[in-house]
Structures are given as structure tokens and as C-alpha cells.
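In: any chance you could fold what I've pasted below:
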Amino acid sequence: MPKKKTSKAAAKRFKQTGTGKIKYKKPGAGHLLAGKTRKRKRDLRARGVLSPVETKRVAALLGD
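Out: As a prediction, this is how the structure comes out:
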């Protein structure tokens, strides 16, 4: 049986928690910040958690 390969592109963008959830960095906090509200920028700092459907798909890319 061949080994599973980790998608390096996915490995750089997603991290798995101990309970199996997948965390990701929210997009949109890189530039053009003057036009975004303070609350919106603050919410972009927090890590997002993928839905269960997407978790299954991304977990396969991470080799789990």
C-alpha cells in the first residue's frame, strides 16, 4: 500500500487541532485596511474553523 502524501500547499494554510478541527487564517487582512471597520479587522485576526464537510476534504489533503 503506498503512503499518503501531504499536500504542502494545504499544510502551509491549515492546522489541525487536537480534537480534529481544522483552523485557517481568514482572508482579507493583508491590505486595503483603511476601508475596513475596526470590528471587521479585529474579527479577521481570529482563526477560522472549517465546517465538518470541508474538514473531511482538507483532512485528506493533510494526509489524515
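
In: what about the nearest residue to residue 13 once chain neighbours are set aside, how many neighbours?
Out: Nearest non-adjacent residue to residue 13, counting by Cβ to Cβ, 6 or more residues apart in numbering: residue 24, 6.1 Å away. Quick note: C-beta positions are derived from backbone N, CA and C, even for glycine. A count of nearby residues for residue 24, using other Cβ atoms under 10 Å, gives 15.

In: so for stretch 57-64, what's the average pLDDT?
Out: In this model, stretch 57-64 carries a mean pLDDT of 90.

In: using CSV, write down the CA coordinates of that stretch.
Out: What follows is stretch 57-64, C-alpha atoms only, in CSV (Å, rounded to 0.1, in the frame of the first residue of the first chain):
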residue,chain,number,x,y,z
ARG,A,57,-11.9,17.3,2.4
VAL,A,58,-9.0,19.2,3.8
ALA,A,59,-8.0,16.4,6.2
ALA,A,60,-7.5,14.2,3.2
LEU,A,61,-5.1,16.8,1.7
LEU,A,62,-3.2,16.9,5.0
GLY,A,63,-2.7,13.2,4.9
ASP,A,64,-5.0,12.2,7.7
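
In: contacts for that stretch, please.
Out: 4, 5, 6, 7, 10, 11, 14, 16, 20, 22, 50 (Cβ atoms under 8 Å, 6 or more residues apart in numbering).
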